[in-house]
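Novice: Need coordinates for the below:
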Amino acid sequence: MTDFETHDPALDSDQEAKRAALSYVSEAFAEGCLDGLDGDCMAQAALFAAFQELVQTYGEEATARYAEGFPERIRGGTYTVRPEARH
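Specialist: Residues are numbered from 1 along each chain as shown. Coordinates of the predicted model:
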């Protein structure tokens, strides 16, 4: 099978929705910082809100299992922002 034959448009839609959601969260984060809130405070509040939503949606056990993968992803650089190379 080719990539076209196995391509699932629903996955694209899900990725687009996640990108849009990240954009909204990033804008809210920036606004809070511009209003004088500490970045660490904003990050803690964002994590709390995110975990509240995940627990409400998936339950405590599933959310805890999901969170168990964070140390590896953090250490692996998943959340590290690297400056883009300038040409």
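Novice: rest of the way, CA atoms for contacts and neighbours
Specialist: Noted.
Novice: any idea how far stretch 16-29 is from the chain center?
Specialist: With CA atoms, centre = their mean, to the nearest Å as the basis, stretch 16-29 stands 8 Å off its chain's centre.
Novice: Not counting that stretch itself, show me its contacts.
Specialist: By CA atoms under 8 Å, 6 or more residues apart in numbering, the residues outside stretch 16-29 that reach it are 39, 42-43.
Novice: residue contacts, residue 80?
Specialist: Counting by CA under 8 Å, 6+ apart, residue 80 touches residue 74.
Novice: Tell me which helix or strand it sits in.
Specialist: Per DSSP states H and E, residue 80 falls between elements, in no helix or strand.
Novice: the longest helix in this protein is where?
Specialist: Across the chain, the helix with the greatest residue count (assigned by DSSP state H) is helix 9-34.
Novice: List the buried residues of it.
Specialist: Buried residues in helix 9-34, counted by 16 or more other CA atoms under 10 Å: residue 29.
Novice: which outside residues touch the helix or strand just after it?
Specialist: Counting by DSSP H and E, the next helix or strand C-terminal to helix 9-34 is helix 39-58. When contacts are defined by CA under 8 Å, 6+ apart, helix 39-58 is touched by residues 29, 32-33, 62-63.
Novice: Which two among those residues are spaced furthest apart?
Specialist: Greatest spatial distance among the contacts of helix 39-58 (CA to CA): 33 and 62, at 31.8 Å.
Novice: on that earlier part again, quick one: the longest helix of the chain to helix 39-58, angle?
Specialist: The directions of helix 9-34 and helix 39-58 differ by 150 degrees, with axes from the mean of the first three to the mean of the last three CA atoms, to 10 degrees as the criterion.
Novice: what's the spacing between helix 9-34 and its chain's center?
Specialist: 8 Å.
Novice: Check what pLDDT the residue most central in space within the chain gets.
Specialist: Nearest to the geometric centre of the chain sits residue 22, at 6.2 Å (CA atoms, centre = their mean). Residue 22 is assigned a predicted lDDT (pLDDT) of 93.
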